[in-house]
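>>> sequence and predicted structure, then a few things I'm wondering about:
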Amino acid sequence: MALTVGLRPLTRALLRPWARVPGAALGRPAAGSGDGVRCFGSPRVLVEPDPAAGVAVMKMRNPPVNSLSLEFLTELLISLEKLENDKTFRGIIITSDCPGIFSAGLDLLEMYGRDPAHCAEYWKAVQELWLRVYLSNLVVIGAINGISPAGGCLLSLSCDYRVLANNPKYAIGLNETLLGIIAPFWFKDVLVNTIGHRAAERALQLGFLFPPSDALQVGIVDQVVPEDQVQSTARSVMAQWLAIPDHARQLTKNLVRKPTADRLLQQRDADIQNFVRFISRDSIQKSLHVYLEKLKQKKG
Ligand SMILES: CCCCCCC/C=C/C(=O)SCCNC(=O)CCNC(=O)[C@H](O)C(C)(C)COP(=O)(O)OP(=O)(O)OC[C@H]1O[C@@H](n2cnc3c(N)ncnc32)[C@H](O)[C@@H]1OP(=O)(O)O
């Protein structure tokens, strides 16, 4: 899939080939590689390659909560595109480097108090990340080691398989209604595809965030394991998926996922315009304000 993000100069600058990780992470040997294989990535995305296994672990590190800002989305897209185009890799494991948080979802500050042009650019990047992960030719496994609301849940749902750490705080779900906003149709489609129509209908309207046992029961995740086994489980699951010939698995994945992706691909611009119109409403901006204030007050 060709990436055609219409980004402004700032974000385009991030789309340079494979920025190296600054500081301590630069050139750190990948865990378990033992043979001088180097980590790479960008400030917010650390990639630990295991070329022998054909697998890369992609760690999100946009502290404090891995909210999906425009810059972070752009870095994720660069990493994904790079891995996708490198024949060394057949699978990626997406996980978090922020303790207790997989991803807090879309960055509310990219939608609150912003002008329409910014909102449009942001939404295009959100669409792009979803399409990139959802339609990836690689096996994509989510090693979900923290809470994963809304956009974080969408990212998880776009993986081929989800392993969630068994910690009652690590809830997952599309909780948009709790913020006074609406999950777009393609978020909804992915949830319906995963847990079925009736369960999705309830979960979406009530903004359910499922704790691990409920998440497993409803099928929003595939496996729940003790926290210290999330990465090793993701690795063993990856081995099972990689035992399937790539061409057969990829064509099958495409067969299953293409109709869902096509619904967005056929109306991307209209979806962006719809988002901008919706998010710019006074009532929605007020809801976001109230929610952001709640997050602040929770602290103090
Ligand atoms: C037609 C289209 C309609 C529109 C569609 C829009 C679809 C939207 C999808 C989304 O993803 S919206 C985002 C949904 N996310 C959430 O509801 C999660 C909100 N965050 C939390 O509940 C908590 O922060 C947490 C993730 C449980 C972590 O809690 P913790 O106590 O560890 O940290 P906090 O003190 O709450 O947060 C630290 C810091 O981060 C800020 N923050 C948290 N989440 C976000 C976010 N999603 N975007 C931007 N900023 C976020 C929080 O305000 C704190 O900031 P400071 O006070 O330190 O400045």
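In hand now; what should we look at?

>>> grab the nearest non-local neighbour of the residue positioned nearest the centre of the chain.
In the chain, the residue lying closest to the centroid (Cα atoms, centre = their mean) is Leu155, at 2.7 Å. Nearest in space to Leu155, with sequence neighbours left out and distances taken as Cβ to Cβ, 6 or more residues apart in numbering, is Ser103 at 6.0 Å. (Glycine included, C-beta is placed from N, CA and C.)

>>> isn't the one you found up against Lys59?
No: assessed by Cβ atoms under 8 Å, Ser103 is found out of contact with Lys59, at 11.7 Å.

>>> so which of these two has more stuff around it?
Remark: of Ser103 and Lys59, Ser103 carries more neighbours, 28 against 21, as counted by other Cβ atoms under 10 Å.

>>> contact partners for that one?
Shown in contact with Ser103 (Cβ atoms under 8 Å, 6 or more residues apart in numbering): Met60, Val65, Asn66, Ser67, Leu68, Ser96, Gly146, Ser148, Gly151, Gly152, Leu155.

>>> sitting in helices, which of these do you find?
When those are checked against helices (DSSP state H), the matches are Gly151, Gly152, Leu155.

>>> and those, which is closest to Arg281?
Closest approach between the ones in helices among the contacts of Ser103 and Arg281, by Cβ to Cβ: Gly151, at 19.7 Å.

>>> could you pull up phi and psi at the nearest residue to the closest one once chain neighbours are set aside?
Computed as Cβ to Cβ, 6+ apart, the closest residue to Gly151 that is not its neighbour in sequence is Gly105, at 3.4 Å. Phi and psi for Gly105, reported as degrees, to the nearest 10, are phi 90, psi -160.

>>> give me the distance between Gly105 and the ligand.
Separation of Gly105 from the ligand (Cβ to the nearest ligand atom, to the nearest Å): 3 Å.

>>> just give me the neighbour total for that residue.
Using other Cβ under 10 Å, Gly105 is surrounded by 23 other residues.

>>> columns distance to Pro245 on top of the ones in helices among the contacts of Ser103, output as CSV?
Shown next, in CSV, are these (distance: Cβ to Cβ, whole Å):
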residue, distance to Pro245
Gly151, 33
Gly152, 32
Leu155, 27
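
>>> and those near the ligand, which?
Among the ones in helices among the contacts of Ser103, the residues lying close to the ligand (Cβ under 6 Å from any ligand atom) are Gly151.

>>> on the three-state scheme, Leu73 is what?
Following DSSP: H, G, I helix; E, B strand; the rest coil, the label given to Leu73 is helix.

>>> equivalent analysis for Ile94, please.
Following three-state DSSP, Ile94 is assigned to strand.

>>> what distance do you get for the nearest residue to Phe72 once chain neighbours are set aside to the ligand?
Sequence neighbours aside, Asn62 is the residue nearest to Phe72 in space, at 4.5 Å (criterion: Cβ to Cβ, 6+ apart). Counting by Cβ to the nearest ligand atom, the gap from Asn62 to the ligand is 10 Å.

>>> confirm for me that Asn62 is in contact with Gly41.
No: the criterion here is Cβ under 8 Å, and Asn62 misses it with Gly41 at 12.0 Å.

>>> contacting residues around Gln257?
Not quite, residue 257 is Arg, not Gln. Contacts of Arg257 (Cβ under 8 Å, 6+ apart): Tyr134, Leu135.

>>> SS state for the residue nearest to Asn66 when sequence neighbours are not counted?
Among residues not flanking Asn66 along the chain, Ser103 sits closest, at 4.1 Å (Cβ to Cβ, 6+ apart). Three-state call for Ser103 (three-state DSSP): coil.

>>> and Ser103, what's its pLDDT?
pLDDT, Ser103: 98.
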